[in-house]
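Chemist: Sharing a model that was predicted from the sequence below.
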Amino acid sequence: MFYDAPSLSSALLSMSVDDILVLCVRLAGGLHLVTTLLAWFTPIPPDWEQNLQKLPLIHRRFSIAQNLSTGATIVVLGLFSLCFAPELVGGSPLARALCAATALFWAARLGVLPWLGLRGILVTRTLRLGYRLLLLQCLLYSLAYGYLALRSV
């Protein structure tokens, strides 16, 4: 005898709002990690190494440190979302602060990325699509985590 599993839509309809939010936060946490993984495969701007060599050592180190700290921040925020989703949805003061910090981080990226002027080096359709998806991710995360930070529980 086969078990007739409920459809995804009926399963979602039977979940509470908080259960759905927990699922979404965990999904976002996983996507944080996917974003970091994909960053290893995105092309860097042309002549990156040669241009870095022209800078004083301290400027080169700052550039590399900023890239590493941005990546580490995305990983940490993703792990928090994966491991502590129920707590983040629960709305404690600490959870709200972490959600507000996450929203601020992604909103800042949404502001900084266009300022970098990447359009000239996004020469393929895939790169342009990836860039648009990254901007969409920044927008959605800033709104979603901002909502969690501000919502009344």
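Modeler: Good, I have the coordinates. Residues are numbered from 1 along each chain as shown.

Chemist: what number of residues lie near the spatially closest residue to residue 84 that is not a sequence neighbour?
Modeler: Distances taken as C-beta to C-beta, 6 or more residues apart in numbering place residue 95 nearest to residue 84, at 7.7 Å, with adjacent residues excluded. No exception for glycine: its C-beta is placed from N, CA and C like everyone else's. For residue 95, the neighbour count with other C-beta atoms under 10 Å is 20.

Chemist: same check, this time on residue 64
Modeler: Using other C-beta under 10 Å, residue 64 is surrounded by 11 other residues.

Chemist: Can you name the helix or strand that it falls in?
Modeler: Residue 64 belongs to helix 57-83 when assigned by DSSP states H and E.

Chemist: re earlier: what about the residue nearest to residue 84, which SS state?
Modeler: Three-state call for residue 95 (DSSP: H, G, I helix; E, B strand; the rest coil): helix.

Chemist: quick one on the thing from earlier: I'd like the next helix or strand past the helix holding residue 64.
Modeler: helix 85-90.

Chemist: For that following helix, report the contacting residues that lie outside it.
Modeler: Contact partners of helix 85-90, identified using C-beta atoms under 8 Å, 6 or more residues apart in numbering, comprise 18, 21-23, 25-26, 29, 80-81, 95, 98-99, 148, 153.

Chemist: I'd like to know how far residue 104 sits from residue 15.
Modeler: Plainly put, residue 104 is 29 Å away from residue 15 if you go by C-beta to C-beta, to the nearest Å.
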